[in-house]
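next comes the sequence, and after it the predicted model I'd like to discuss.
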Amino acid sequence: MFPQQLNDTRAFDIASTLIEGFNRHYRLFREASAQAKDRFERADWHGQQRAQRERIEFYDLRVQEAVERLQTGFQAGALGMDVWQQVKLHYIGLLTNHRQPELAETFFNSVTTHILHRDYFHNDFIFVRPAVSTEYIENDEPTAKPTFRAWYPTRPTLRETLAEIVRSFDLQGPWEDFERDLDDVHAAADTAIGQDRLRTNFQLQVLSSLFFRNKGAYVIGKIVNGHVETPFALPILHAADGAFYIDAALFGEDDLQRLFSFVRAYFLVEMEIPSAYVQFLRSMMPRKPRSEIYNALGLQKQGKTLFFRDFQFHLRHSTDRFRIAPGIKGMVMLVFDLPSYPFVFKLIKDYYPPQKDTSRALIKSKYLLVKQHDRVGRMADTLEFSNVAFPRARFTDELIAEIEKFAPSLLEISDRDGDGHLEVILKHVYIERRMIPLNIYLQDATPAQLEHAVIEYGNAIKDLVAANIFPGDMLWKNFGVMRHNKVVFYDYDEIEYVTDCNFRRVPTPRNEEEEMSGEIWYSVGPKDVFPETFGPFLLGNPAVRAVFMKHHADLLDAAFWQGHQARIRAGHVHDVFPYEQDKRFSHHRP
């Protein structure tokens, strides 16, 4: 129930403090994103990676600041329900004409759930559904940058229009061969549009900010040709001498889906009105959930909010039950799923076998490392939740027994509302896109599918290594097969930086006794890795072994790993192409 009147003078001050905290957060978020252009122009790749990592931490820091201000200034944790109800109403009023209202609502939820005990979370205190619409928000000030610009290439020509679009971003630096790049893009656009099929309403709509990630900058837009819309992206890279060049022209929803995939790092994009960017991108990728688009833009807290709303909607409109996930059980993570939902849920177990020298804190740090690192298209993003409530009736008894046995510290079952409907409360859970485990995929694969999967498996490891990630446990069960048959790594509890490992060859036995010994007779340090010993664990299947040895035998050689260590330590940053090699313009293919 909302209060009949707003009569507590503290409520408005608390709401104002909350909105000030959010505005500070988003100002710093925009500044970090805007500086990406300068770092790209200077080819400061390490600075770009550092900014991506630091920006992820901004949100939690600002939430903690707001919590401390409210506790110190208002003793917020001791305030009654009627005061918090008034705070929310004042806060909604402050969101009138705000340009990021959906993000500000999520910020309100984050702060209040830190202050209040979860028994008090209900619709009066948090934004379960959005209270302020994000439709058609726009900055009408004359000097404001629009969300996107529309270009009509009748006069001048399409080629000249493309030149104007790229120049409008005002990149500071020389181009390797701008006219050549325009010819390439123009030819690709002609193929995508069809020269003989131009309609009266022919325009190019292009988002006003570049999208920066890794070593690339991307022009993002769509071609509107009558009632037909074709999404496109133009990746801009640096040549060896530092000059810019356009590497490819990507067209169609599938190419854009790969570019914005959940297995890639977040973009740095300067946006005043993020909901308008999301709306534009959703028009190009209608199959991609809005939660994933917010994630891709670096607004992962908003992505979590939308994901959870979608998940709650799915629960209300389904009847199947959570179960232990099919496949080989992990030693560190307990995994369960809902058959009708395309995600898996992971709990860190309370107990680990002796060979797993780890802890809950260490495992959580590994998952955080993956979120902050460039995932190079080979590691799935995860959503992390605390104190999540589910209906007990939706859990199988076998799953509850499994959690009680392996992760009892994370489980609470209660009747909070006193109505006889039990809830399962999980105190910490990771949620990740469901994929086909590679070991299961290989069991039923045709020879062609097996060959492709094994090649992809090796390529995934090599991409991770080039990005300074050693998977640790490289068993097939820790990799998954995505749509488009791409292989992705998803088990992070043993990952390390490649530069932190000591890759060694197995020493030559000094005598017959050592040679015949069934035990390891040489010293092994905590960070020592012996690549030549991978084979017996990975290559028991003769068909798999034949493909692996043909394409990826170098993974069994310590020299391969040592060579990448040397390049990374010398400051080399790996090129990551979120599109196939055959999409690249030929003059820059390796």
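Great, that's in hand. Numbering: from 1, shown residues only.

could you list the low-pLDDT ranges of the stretch 101-250 of the chain?
Residue ranges of the stretch 101-250 of the chain with pLDDT under 70: 117-125, 155-156, 195-200.

please redo it, this time with the cut-off set to 90
113-145, 153-159, 189-202, 225-228, 240 (pLDDT under 90).

show me where it has strands.
148-151, 202-207, 211-213, 216-225, 228-238, 244-246, 250-251 (DSSP state E, counting those that start in this stretch).

right, and Thr113 touches Thr106 too?
No. Contact status for Thr113 versus Thr106: not in contact, 10.7 Å apart, counting by Cβ atoms under 8 Å. Just so you know, the C-beta spots here come from the backbone N, C-alpha and C atoms, and that holds for glycine as well.

counting neighbours, go ahead and name the busier of these two.
Thr106 (24 against 18; other Cβ atoms under 10 Å).

check the gap between the residue nearest to that one when sequence neighbours are not counted and Lys550 for me.
The spatial neighbour of Thr106 that comes closest, neighbours along the chain excluded (Cβ to Cβ, 6 or more residues apart in numbering), is Thr305 at 4.6 Å. Between Thr305 and Lys550 the computed distance is 47 Å (Cβ to Cβ, to the nearest Å).

surely Phe345 touches Arg323?
No. The pair formed by Phe345 and Arg323 falls short of the contact definition of Cβ under 8 Å, at 10.6 Å.

need the overlap of contacts for the two.
Phe336, Asp337 (Cβ atoms under 8 Å, 6 or more residues apart in numbering).

out of these two, which sits in the busier spot?
Neighbour tally, Phe345 and Arg323, criterion other Cβ under 10 Å: the higher count belongs to Phe345, 24 against 15.

who's the more buried one bridged to?
Counting by DSSP bridges, Phe345 is bridged to Phe336, Ile431.

confidence-wise, which helix or strand of the chain is lowest on average?
Using mean pLDDT, DSSP states H and E, helix 512-516 stands out as the lowest-scoring helix or strand of the chain, at a mean of 66.

who are the packing partners of whichever helix or strand comes after that one?
Sequence order places strand 528-529 as the next helix or strand after helix 512-516, per DSSP states H and E. In terms of contacts (3 or more Cβ pairs under 8 Å, 6 or more residues apart in numbering; DSSP states H and E), strand 528-529 is packed against strand 502-503.

any idea of the mean pLDDT for the longest helix along the chain?
Identified as the longest helix of the chain according to DSSP state H is helix 45-74. Helix 45-74 shows a mean pLDDT of 93.

how about stretch 415-424?
Stretch 415-424 comes out at a mean pLDDT of 79.

ok, and what's touching it?
Contact partners of stretch 415-424, identified using Cβ under 8 Å, 6+ apart, comprise Asp119, Ala389, Phe390, Pro391, Arg392, Ala393, Phe395, Ile400, Leu411, Glu412, Ile413, Ser414.

what segments of the stretch 251-400 of the chain are strands?
So, for the stretch 251-400 of the chain - with DSSP E, counting those that start in this stretch - the strands run 323-324, 333-337, 343-348, 382-385, 388-391.

which helices and strands does the third one pack with?
Same thing as strand 343-348. In terms of contacts (3+ Cβ pairs under 8 Å, 6+ apart), strand 343-348 is packed against strand 333-337, helix 360-372, strand 429-433.

my read: Ala243 touches Gly173, true?
Yes. Counting by Cβ under 8 Å, Ala243 touches Gly173, with 7.0 Å between them.

if we can go back for a sec, tabulate the strands of the stretch 251-400 of the chain (TSV), appending mean pLDDT and distance to Thr358.
Below are the strands of the stretch 251-400 of the chain laid out as TSV (pLDDT from 0 to 100; distance: least, Cβ to Cβ, whole Å):
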stretch	mean pLDDT	distance to Thr358
strand 323-324	96	22
strand 333-337	96	11
strand 343-348	96	9
strand 382-385	92	17
strand 388-391	90	23
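
who's in contact with Phe489?
The contact partners of Phe489, by Cβ under 8 Å, 6+ apart, come to Arg378, Met379, Ala380, Ala460, Ile461, Leu464, Pro471, Asn478, Phe479, Gly480.

coming back round to it: what subset of the contacts of stretch 415-424 is buried?
Phe390, Phe395, Leu411 (16 or more other Cβ atoms under 10 Å).

is the second one in a bridge, and if so with what?
Which is Phe395. Phe322.

contact partners for it?
Applying Cβ under 8 Å, 6+ apart, the residues contacting Phe395 are Arg321, Phe322, Val424.

pLDDT wise, what is it at?
We have a pLDDT of 97 for Phe395.

look up how far Phe345 lies from it.
Phe395 is 11 Å from Phe345, by Cβ to Cβ.

what do those two both touch?
Counting by Cβ under 8 Å, 6+ apart, the residues touching both Phe395 and Phe345 are Phe322.

from Phe12, how far off is the nearest residue to Tyr430 once chain neighbours are set aside?
Nearest-residue entry for Tyr430: Lys346, 4.2 Å, with adjacent residues in sequence omitted and distances by Cβ to Cβ, 6+ apart. Lys346 sits 42 Å away from Phe12, going by Cβ to Cβ.

so for the two, which residue has more residues nearby?
More neighbours surround Lys346 than the other of Lys346 and Phe12, with 26 against 17 (other Cβ under 10 Å).

Arg258 contacts Lys583, doesn't it?
No. Between Arg258 and Lys583 there is no contact under Cβ under 8 Å: 9.8 Å.

can you give me the helices in the stretch 101-250 of the chain?
101-115, 158-167, 178-193 (DSSP state H, counting those that start in this stretch).

residue contacts, Val87?
Taking Cβ under 8 Å, 6+ apart as the test, what Val87 contacts is Ala11, Ile14, Ala15, Leu18.

only the buried members of these: can you turn that into a ChimeraX selection?
Per 16+ other Cβ under 10 Å, the buried members of the contacts of Val87 correspond to this ChimeraX selection:
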select :11,14,15,18
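
so of the contacts of Val87, which ones are in helices?
Ala11, Ile14, Ala15, Leu18.

list the contacts of the second one.
Ile14 sits next to Leu70, Phe74, Ala76, Val83, Val87, His90 when contact means Cβ under 8 Å, 6+ apart.

one step back: verify the stated contact: the residue nearest to Thr106 with Phe107.
No. With contact defined as Cβ under 8 Å, Thr305 does not count as touching Phe107 (10.0 Å).
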